[in-house]
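[1] A structural model of the following input is requested.
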Amino acid sequence: MGAQIRVYRQKIASTSSMKKIFKAMEMIATSRISKARKSADLASPYADALTRAVTAIATQHSIDHPLIAKKNAPHRRSAIVVMTSDRGLAGSYSSSVLRKTESLIEKLKGEGREVQMYLMGRKAKSYFDFRERDYVKSWEGNTDNPNVEMAVEMREALLDAFNRPYEDGGVDDLHIVYTEFISMVTQEVKILRLLPIAVNDARHMGEEIIPGSELEDAHFQQNAQFEFEPSPAEVLDELLPRYIASRLYACLLEAAASELASRQRAMKSAGDNADELVKKYTRLMNNARQAEITNEISEIVGGADALASS
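    This next block holds a predicted model:
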């Protein structure tokens with residue numbers, strides 16, 4: 001019995017120690033979520049303004065530009081950017097993104113396309129490395145605190161692949177799989193088609209670029225006619241790299257806020273489970289101690305009876 005009690009004491013001590021770690025990680029994630037959300041909110045107006053400008057050029061002018069989708073254009077090879085986390089202990093955050101990625105890969109391959117992978121986060125890299133599946137490039141570090149330099153580096157790699165001829169390994173379209181922060185309890189995995197921009201319906205470039213209600217404003221739709229200097233094509237050449245970097249950065253910020261929210265929720269759940277385990281082990285230890293005391297009393301009574309009878 002004494003050995004059993006020692007085992008329960010060790011389990012209580014180790015679980016209590018883990019609970020402190022969970023609580024610390026929960027508090028760190030909670031303190032950083034507000035900063036991540038503020039960064040995402042501050043980046044959105046710039047990205048939305050660039051989207052409006054690019055949309056205006058694409059819809060109001062007939063421009064032969066490689067970054068604008070053409071009708072009946074071939075789609076032979078697609079690039080997918082996967083945004084996961086560097087660290088674990090964030091619940092199903094990364095696994096949900098990877099499941100969505102697998103469904104997108106299956107869909108694109110079902111359409112007869114080849115797929116090139118670009119990975120963000122150690123979780124995505126380890127997932128593809130473990131399965132010995134190829135990818136073009138990966139980025140690691142600061143997935144919960146991204147910076148503009150990271151988005152620019154990703155833009156250069158993706159634009160290089162998009163502008164390269166198909167015969168040289170180029171791609172026909174770019175997709176991003178990321179997690180959108182909706183609330184502290186809700187984060188939704190999204191697929192965004194970044195390029196090419198579809199002229200026939202600029203409001204739905206991918207699943208969602210900016211909320212439809214913003215683009216459906218009557219004044220914007222009916223009365224917003226722009227003149228561009230020196231020419232729409234040259235303005236588009238300048239805007240598109242900025243547009244791509246801003247959209248990548250916005251997705252990275254949304255993913256960072258979602259990662260922190262998932263980690264905060266997972267650590268709170270782990271802490272609550274640790275409390276339950278401590279209560280369970282304490283109850284079992286008390287039962288074992290009571291059984292030991294009862295056994296000792298029985299031995300004393302038995303010995304006394306034996307002495308009395310002798």
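[2] CA atoms of the helix or strand encompassing residue 126 as PDB?
    Applying DSSP states H and E as the criterion places residue 126 in helix 122-130. Extracted in PDB, the C-alpha atoms of helix 122-130 (Å, rounded to 0.1, in the frame of the first residue of the first chain):
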ATOM      1  CA  ARG A 122       7.300  23.500 -39.200                       C
ATOM      2  CA  LYS A 123       4.100  21.500 -38.800                       C
ATOM      3  CA  ALA A 124       3.400  21.500 -42.600                       C
ATOM      4  CA  LYS A 125       7.100  20.800 -43.300                       C
ATOM      5  CA  SER A 126       7.200  17.800 -40.900                       C
ATOM      6  CA  TYR A 127       3.900  16.600 -42.400                       C
ATOM      7  CA  PHE A 128       5.200  16.500 -45.900                       C
ATOM      8  CA  ASP A 129       8.700  15.300 -44.900                       C
ATOM      9  CA  PHE A 130       7.300  12.400 -42.900                       C
END
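[3] so what's the residue count around the nearest residue to residue 117 once chain neighbours are set aside?
    Here the nearest residue to residue 117 in space, its sequence neighbours aside, is residue 135; by CB to CB, 6 or more residues apart in numbering that works out to 3.8 Å. Any C-beta I mention is one placed from the backbone N, CA and C, and that applies to glycine too. Close neighbours of residue 135, defined as other CB atoms under 10 Å, add up to 17.
[4] re earlier: from the contact counts, what lies against the helix holding residue 126?
    helix 93-110, strand 114-120 (3 or more CB pairs under 8 Å, 6 or more residues apart in numbering; DSSP states H and E).
[5] any chance of these in JSON lines, plus mean pLDDT and mean neighbour count?
    Shown next, in JSON lines, are these (pLDDT from 0 to 100; neighbours: other CB atoms under 10 Å):
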{"stretch": "helix 93-110", "mean pLDDT": "94", "mean neighbour count": "17"}
{"stretch": "strand 114-120", "mean pLDDT": "95", "mean neighbour count": "21"}
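[6] out of these, which is closest to residue 162?
    Set against residue 162 and scored by CB to CB, the helices and strands packed on helix 122-130 come closest in strand 114-120, at 10.6 Å.
[7] who touches the closest one?
    For strand 114-120, contacts defined as CB atoms under 8 Å, 6 or more residues apart in numbering pick out 76-84, 105, 108-109, 125, 128, 133-139, 143, 154, 157-158, 161, 169, 171, 252, 255.
[8] what's the angle from it to helix 122-130?
    Following axes from the mean of the first three to the mean of the last three CA atoms, to 10 degrees, one obtains 140 degrees for the angle between strand 114-120 and helix 122-130.
[9] what pairs with strand 114-120, parallel or antiparallel?
    Here strand 114-120 has these sheet partners by DSSP bridges: strand 77-83 (parallel), strand 137-139 (parallel).
[10] and among the ones you listed, the most buried is which?
    Ranked by mean neighbour count, the strands paired with strand 114-120 are led by strand 77-83 with a mean of 24 (mean count of other CB atoms under 10 Å).
[11] picking up where we left off before, does the residue nearest to residue 117 fall in a helix, a strand, or a coil region?
    coil (DSSP: H, G, I helix; E, B strand; the rest coil).
[12] that one contacts residue 128, doesn't it?
    Yes. Contact between residue 135 and residue 128 holds when scored by CB atoms under 8 Å: they sit 5.3 Å apart.
[13] residue 228 should be in a helix, yeah?
    No. Counting by three-state DSSP, residue 228 is not found in a helix; it is coil.
[14] next, count neighbours for it.
    Residue 228 has 16 nearby residues by other CB under 10 Å.
[15] which residue packs closest to it, ignoring adjacent ones?
    Nearest residue to residue 228 in three dimensions, chain neighbours excluded: residue 235, at 4.6 Å (CB to CB, 6+ apart).
[16] what number of residues lie near that neighbour?
    That count, for residue 235 with other CB under 10 Å as the rule, works out to 19.
[17] look at it and report its pLDDT.
    Among the per-residue scores, residue 235 shows a pLDDT of 78.
[18] so what's it up against?
    53, 57, 228-229.
[19] top of those residues by neighbour count?
    Neighbour counts for the contacts of residue 235 were taken using other CB under 10 Å; the highest belongs to residue 57, with 23 neighbours.
[20] pretty sure that residue sits in a helix.
    Yes. Residue state for residue 57 (three-state DSSP) corresponds to a helix.
[21] how much space is there between it and residue 51?
    For residue 57, the distance to residue 51 (CB to CB, to the nearest Å) stands at 11 Å.
[22] for the record, mean pLDDT for stretch 249-260?
    The pLDDT scores in stretch 249-260 average 92.
[23] stretch 126-136 too?
    The average pLDDT within stretch 126-136 is 94.
[24] pull out the buried residues from it.
    Buried residues in stretch 126-136, counted by 16 or more other CB atoms under 10 Å: 127-128, 135.
[25] next: stretch 266-280.
    266-268, 270-271, 274, 277-278.
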